[in-house]
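Undergrad: Mind folding the following:
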Amino acid sequence: MEQSDWKSGIKKLLNICQDEVKKTTKIGHKMIHASHTNTCLKDAYEKLGKVTFEAMESKSLLWEDEVAVELFNIIHDCRNNLVVLEDEVNKIKFQDRSVVK
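TA: Numbering: from 1, shown residues only. Predicted coordinates:
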């Protein structure tokens with residue numbers, strides 16, 4: 001009898017393990033899908049932001065919302081700063097090496 005109890009216990013343990021692996025696999029699939037969906041959402045927000053910014057910049061969209069205007073101004077300033085930084089980097093890159101000595 002002890003041997004059949006032992007076998008029964010092992011079978012129960014294996015079934016529990018198998019069920020847990022199945023659950024974990026399903027959860028993993030859902031998490032991967034959620035990650036892909038989150039990436040898609042982020043990309044859509046980013047594209048919407050770019051389209052909105054361009055529309056505000058061209059004055060085809062006049063948005064009175066204070067937060068939107070503040071974000072527009074931040075983006076505009078950052079773009080301008082990046083242009084200046086790029087120009088400064090290019091000046092350094094292409095500067096005559098004899099002057100650097």
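
Undergrad: can we go C-alpha only for contacts and neighbour counts from here?
TA: OK.

Undergrad: Give me the three-state assignment for Cys17.
TA: Of the three states, Cys17 takes helix under DSSP: H, G, I helix; E, B strand; the rest coil.

Undergrad: how close does Glu64 sit to Glu70?
TA: Applying Cα to Cα, to the nearest Å, the value for Glu64 to Glu70 is 10 Å.

Undergrad: Please compare these two by neighbour count and tell me which comes out ahead.
TA: Set Glu64 next to Glu70 and count neighbours by other Cα atoms under 10 Å: Glu70 wins out with 11 against 8.

Undergrad: which stretches of the protein form helices?
TA: 2-57, 66-93, 97-100 (DSSP state H).

Undergrad: Tabulate the ones you listed (TSV), appending mean pLDDT.
TA: Listed next are the helices of the chain as TSV, based on pLDDT from 0 to 100:
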stretch	mean pLDDT
helix 2-57	93
helix 66-93	93
helix 97-100	58
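
Undergrad: Skipping its backbone neighbours, what lies nearest Leu61 in space?
TA: Ala55 (5.1 Å; Cα to Cα, 6 or more residues apart in numbering).

Undergrad: Any idea how many residues pack against that neighbour?
TA: 14.

Undergrad: how close does it sit to Gln95?
TA: 38 Å.

Undergrad: ditto for Asn73
TA: For Asn73 relative to Gln95 (Cα to Cα), the value is 33 Å.

Undergrad: who's more crowded, these two?
TA: Asn73 (14 against 11).

Undergrad: show me what contacts that one?
TA: Contacts for Asn73 (Cα atoms under 8 Å, 6 or more residues apart in numbering) come out as none.

Undergrad: Many thanks, we can stop here.
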